[in-house]
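Enquirer: All I have is the shape, not the residue letters:
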């Protein structure tokens with residue numbers, strides 16, 4: 001006879017972990033969308049500066065584009081780690097359920113959960129790295145734009161930062 005109560009209890013802890021990881025992934029996705037939007041703004045502004053013969057301004061935008069591309073790579077690494085964590089947590093739920101009926105599956109679930117937690121920790125470290133880089137990028141952007149004596153791109157407004 002299937003003990004549904006025990007099966008549901010086995011799913012609870014990893015299911016909460018799945019929910020928390022999914023929220024982190026949502027946050028990462030929002031940051032990535034912001035980075036992509038920012039990159040498009042700077043690529044357009046760089047193109048217009050090059051077309052207008054404003055070499056110094058185009059170089060400042062090129063530096064910002066490079067910085068944003070670096071941030072995008074960090075976010076990509078964060079995203080992949082968080083997705084691996086989510087996959088591990090989901091697999092853990094399934095293995096815990098199977099562990100009620102198959103000897104050894106619960107031990108495998110524990111190992112998978114530990115791996116998922118390690119991936120989550122890696123994702124959090126990448127997220128922290130990206131936030132630190134984002135703050136230094138804002139300072140660099142302000143410095144570059146002040147040195148070229150140009151206005152900020154229209155979408156950012158005065159003193160706008162991500």
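Expert: Cool, got the structure. No experiment lies behind these values; they were computed from the predicted model shown. Residues are numbered from 1 along each chain as shown.
Enquirer: Please count neighbours and contacts with C-alpha atoms only from this point.
Expert: Fine.
Enquirer: Just give me the longest helix of the chain.
Expert: With DSSP state H applied, the helix covering the greatest number of residues in the chain is identified as helix 4-51.
Enquirer: now for the next helix or strand after that helix, which elements pack on it?
Expert: Secondary structure here is assigned by DSSP states H and E; on that basis, the next helix or strand after helix 4-51 toward the C-terminus is helix 55-99. Counting by 3 or more C-alpha pairs under 8 Å, 6 or more residues apart in numbering; DSSP states H and E, the packing neighbours recorded for helix 55-99 are helix 4-51, helix 105-147.
Enquirer: any idea of the angle the last one forms with helix 4-51?
Expert: Pointing back at helix 105-147 there. Angle of helix 105-147 versus helix 4-51, following axes from the mean of the first three to the mean of the last three C-alpha atoms, to 10 degrees, is 20 degrees.
Enquirer: now helix 105-147, how far from the chain's geometric center?
Expert: 7 Å (C-alpha atoms, centre = their mean, to the nearest Å).
Enquirer: residue contacts, the residue nearest the centre of the chain?
Expert: The geometric centre of the chain, computed from its C-alpha atoms, lies nearest to residue 28 (C-alpha atoms, centre = their mean), at 3.3 Å. Shown in contact with residue 28 (C-alpha atoms under 8 Å, 6 or more residues apart in numbering): 75, 78-79, 127.
Enquirer: By neighbour count, which of those wins?
Expert: For the contacts of residue 28, the largest number of neighbours (other C-alpha atoms under 10 Å) sits with residue 78, at 27 neighbours.
Enquirer: Read off the pLDDT value for that one.
Expert: Residue-level confidence at residue 78 comes out at 95, pLDDT.
Enquirer: For it, which non-adjacent residue is closest in space?
Expert: Ranked by C-alpha to C-alpha, 6 or more residues apart in numbering and with sequence neighbours excluded, the top spatial neighbour of residue 78 is residue 123, at 4.5 Å.
Enquirer: my guess is that neighbour contacts residue 79, does it?
Expert: Yes: judged on C-alpha atoms under 8 Å, residue 123 makes contact with residue 79 at a distance of 7.0 Å.
Enquirer: Quickly check the contacts of residue 28 for the two that are furthest apart.
Expert: Put simply, by C-alpha to C-alpha the two of the contacts of residue 28 set farthest apart are 79 and 127, 9.0 Å from each other.
Enquirer: Buried residues, stretch 72-83. List them.
Expert: Along stretch 72-83, the positions that meet the burial threshold by neighbour count (16 or more other C-alpha atoms under 10 Å) are 72, 74-83.
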